[in-house]
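Visitor: this is a predicted model, with the sequence first.
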Amino acid sequence: MNITEVKSKADKTAFLNVARIIYKDDPNWVCPLDNDVEAVFDPQRNNFHSHGCATRWVLRNNKGDLIGRIAAFVNNEKAYKNEQPTGGCGFFECIDDQDAAFLLFNTAKAWLQQQGMQAMDGPINFGENDNFWGLLVEGFIPPSYGMNYHLPYYNALFKAYGFNTLYEQITNHLDVHKPFSERFTKIANWVMAKPGYTFEHFKLSQLEKFAADFIEIYNDGWQDFDGFVPITHQTIMESLKQMKPIMDEKLIWFAYVDGEPASFIVILPDANQMIKPLNGKLNLWGKLIFVYRKWRGVTRMRAIVMGTKQKFQKHGLESCLFIKLKEYVLPLKQYDELELSWVGDFNDKMIAIHQAVGATFAKKHLTMRYKF
């Protein structure tokens with residue numbers, strides 16, 4: 001076997017093609033857009049390069065056939081928040097061969113050790129955890145946009161190498177047509193009627209205002225979770241730019257208490273239903289197909305992230321946001337399902353919200369750690 005670092009244009013193409021080879025016979029897999037993958041490794045499009053570094057490799061067998069790939073990265077803003085300096089590996093794809101997998105893991109480990117790391121998390125992304133994050137171990141169904149999809153044998157490869165589960169990522173599905181419980185609706189309506197409580201959907205024409213509101217809520221609501229790093233204006237603007245082609249402003253809602261930003265939910269139409277036929281290629285023909293499928297409409301949405309300031313976390317605002325969403329979505333007669341992805345098994349409050357709206361289990365990913 002021969003492993004080489006990705007440097008040339010041909011190497012980049014090979015890195016992208018590994019996944020197409022691995023999943024060519026899997027009808028559930030949706031090829032991520034090549035542009036989305038490449039953006040992770042482009043310092044001009046991923047501001048994480050300003051406080052970290054990344055590299056990647058492809059693996060070939062003795063005949064020269066592509067059989068695997070992996071990336072490794074160090075995020076200096078998170079690496080030193082653990083007991084030991086911890087980097088990451090991701091974009092792992094491999095044939096069902098332990099020797100091949102171990103060579104990929106060892107290569108990532110050696111590079112991370114050169115950067116001063118003593119452990120690696122994986123499979124994760126060199127970016128926020130709403131994309132390309134976690135190892136799929138349950139629910140091998142068509143993935144939503146940005147969610148990792150893997151073959152069942154990957155779990156055994158990670159465990160055999162010595163990775164241990166750091167936390168589980170639970171994704172639940174909500175039937176849009178199923179009514180909320182009477183208690184849930186009653187509480188939401190009572191909260192919405194309270195003086196000073198207002199609700200607005202996102203508007204691109206007021207992008208800076210809503211970006212600032214998002215940052216204020218997110219950095220307050222998530223600050224006590226392990227490994228938290230405040231989100232920056234640059235990061236949220238990059239994310240919103242990526243969302244723009246598929247965004248529906250009325251699927252993104254904010255709650256305010258006496259004018260103060262208090263809670264939000266960000267939902268997108270599932271772009272994977274638009275890009276599945278493209279095989280990762282957003283060329284001219286691909287763009288035409290994308291536009292057509294967007295016009296025709298998709299049936300699934302994905303909740304990317306929710307957040308509520310700590311002082312408002314028992315005010316029932318999340319219930320109100322779901323009611324506002326349903327009031328918009330049902331008359332469209334387009335969507336059938338909302339994917340709530342993903343919630344960590346450590347996040348009791350968010351799990352309770354999923355249960356309250358009547359969501360049911362769909363899939364499980366693992367974030368794993370290997371200590372050197």
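Guide: Ah, there it is.

Visitor: make it CA atoms for all contacts and neighbour counts henceforth
Guide: Fine.

Visitor: helix or strand for residue 53, which one?
Guide: Assessed by DSSP states H and E, residue 53 sits inside strand 52-60.

Visitor: any low-confidence regions in the stretch 151-300 of the chain?
Guide: Under the criterion pLDDT under 70, the flagged ranges of the stretch 151-300 of the chain are 284-286, 288, 291-292, 295.

Visitor: give me the phi and psi for residue 86.
Guide: Dihedral angles phi and psi of residue 86 (degrees, to the nearest 10) take the values phi -130, psi 120.

Visitor: right, and it touches residue 120 too?
Guide: Yes: here residue 86 reaches residue 120: they are 5.2 Å apart, a contact under Cα atoms under 8 Å.

Visitor: tell me the mean pLDDT over stretch 53-64?
Guide: Computed over stretch 53-64, the mean pLDDT rounds to 97.

Visitor: what's the following helix or strand after the helix or strand hosting residue 323?
Guide: In the assignment (DSSP H and E), residue 323 maps to helix 317-332. Under the assignment DSSP H and E, the closest C-terminal helix or strand after helix 317-332 is strand 337-344.

Visitor: for that following strand, packing partners?
Guide: strand 164-175, strand 300-308, helix 348-356 (3 or more Cα pairs under 8 Å, 6 or more residues apart in numbering; DSSP states H and E).

Visitor: again, only this time at 10 Å
Guide: strand 164-175, strand 260-269, strand 300-308, helix 348-356, strand 360-371 (3 or more Cα pairs under 10 Å, 6 or more residues apart in numbering; DSSP states H and E).

Visitor: may I see these organised as CSV, with mean neighbour count and distance to residue 326 added?
Guide: Listed next are the helices and strands packed on strand 337-344 as CSV, based on neighbours: other Cα atoms under 10 Å; distance: least, Cα to Cα, whole Å:
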stretch, mean neighbour count, distance to residue 326
strand 164-175, 19, 11
strand 260-269, 23, 12
strand 300-308, 22, 12
helix 348-356, 14, 15
strand 360-371, 20, 17
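
Visitor: format those as a markdown table; extra columns: distance to residue 52.
Guide: Shown next, in a markdown table, are the helices and strands packed on strand 337-344 (distance: least, Cα to Cα, whole Å):
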| stretch | distance to residue 52 |
| --- | --- |
| strand 164-175 | 22 |
| strand 260-269 | 27 |
| strand 300-308 | 24 |
| helix 348-356 | 30 |
| strand 360-371 | 19 |
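
Visitor: closest to residue 22 out of those?
Guide: Residue 22 lies closest, by Cα to Cα, to one member of the helices and strands packed on strand 337-344: strand 360-371, at 19.2 Å.

Visitor: now the angle between strand 337-344 and the closest one, please.
Guide: Angle between the axes of strand 360-371 and strand 337-344 is 30 degrees (criterion: axes from the mean of the first three to the mean of the last three Cα atoms, to 10 degrees).
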